[in-house]
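1. Sequence and predicted model, in that order:
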Amino acid sequence: MAKKPTSPVVKEYPTIGVCSLDCGLCPRYYTAGPSRCPGCAGPDFFHKHPSCSFITCAVRNKGLEACGECSDFPCAKFKSEKEYGQVKESSSYPPYRKVMANLRAIKEHGIEAFVKQQAKRIKLLERMLADFDDGRSKSGYCRSAALLDPAALESALDAATRKVKADRVPPDDAKTKARILRDFLDDRAVGPGVTR
């Protein structure tokens, strides 16, 4: 009798990478079409991506959502905080500089608290994309959503919305609206390369 194929492991929170990348704040998570990433170990993930050692160890072997939940964290799989800070960022992926901070937050406060905090960032990012996307700003908005404090993000969005209204920017002038929001995000940036 033939064995039934086993279904791939799917995480409960695919917006959080096992290694703690902010998958729900990544431009590929918001891409339409076949190149869209479903998040870490999300639906159809294994049809699009090979598994990784983090997924094998934490999810498949230990039943965890993220390495920050593991009693062995931090283990040899991780670089030092300094090394993550020096990784050249790609426009296709969320910033690596928050990997260790995200994992420590998960370890200290639990996965549900981290998910709740990330949900605020995702909601703000979705608002940026819905109201201010000019087709060229998605990566910058994703970086801002990952790196800026949620209060700073919300403040920038509110200020940009008021300016768009005060300046009577036409609803279909996505280029002007995006420039306005980018200017407000730049004012609140905490480091180089956050918004652009």
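-> In hand now; what should we look at?
2. Any idea how many residues pack against the spatially closest residue to residue 148 that is not a sequence neighbour?
-> Using CB to CB, 6 or more residues apart in numbering and skipping the chain neighbours, the partner closest in space to residue 148 is residue 188 (5.9 Å). (C-beta placed from N, C-alpha, C; glycine too.) Neighbour count of residue 188, defined by other CB atoms under 10 Å: 17.
3. who are the neighbours in contact with residue 188?
-> With contact taken as CB atoms under 8 Å, 6 or more residues apart in numbering, residue 188 is in contact with 148, 152-153, 155-156.
4. In the residues you listed, which residue is surrounded by the most others?
-> Neighbour counts for these peak at residue 156, which has 26 neighbours (criterion: other CB under 10 Å).
5. What helix or strand is residue 141 located in?
-> helix 138-147 (DSSP states H and E).
6. how far does stretch 11-20 stretch from start to finish?
-> End-to-end distance for stretch 11-20, by CA to CA, to the nearest Å: 13 Å.
7. residues in contact with it?
-> 22-25, 29, 38-43, 45, 52, 54-55, 58-59, 64-68, 77-78, 98-100, 102-103, 106, 111, 114-115, 118, 122.
8. Identify each buried residue in the strand or helix carrying residue 165, please.
-> With secondary structure defined by DSSP H and E, residue 165 is part of helix 150-166. Under the neighbour-count criterion of 16 or more other CB atoms under 10 Å, helix 150-166 has 152-153, 155-157, 159-161, 163-164 buried.
9. right, and the helix or strand after it?
-> helix 174-188.
10. in terms of contact, does residue 157 touch residue 177 like I think?
-> No. Applying CB atoms under 8 Å, one finds residue 157 not in contact with residue 177, separated by 11.2 Å.
11. Give the intersection of the neighbour lists for the two.
-> Common neighbours of residue 157 and residue 177, using CB under 8 Å, 6+ apart, are 131-132.
12. all helices for the chain, in order.
-> 45-48, 53-54, 81-86, 99-109, 111-132, 138-147, 150-166, 174-188 (DSSP state H).
13. Any chance of TSV for these, columns distance to residue 10 and mean pLDDT?
-> Output for the helices of the chain, formatted as TSV (distance: least, CB to CB, whole Å; pLDDT from 0 to 100):
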stretch	distance to residue 10	mean pLDDT
helix 45-48	7	75
helix 53-54	15	84
helix 81-86	27	60
helix 99-109	19	89
helix 111-132	15	94
helix 138-147	23	89
helix 150-166	27	94
helix 174-188	33	91
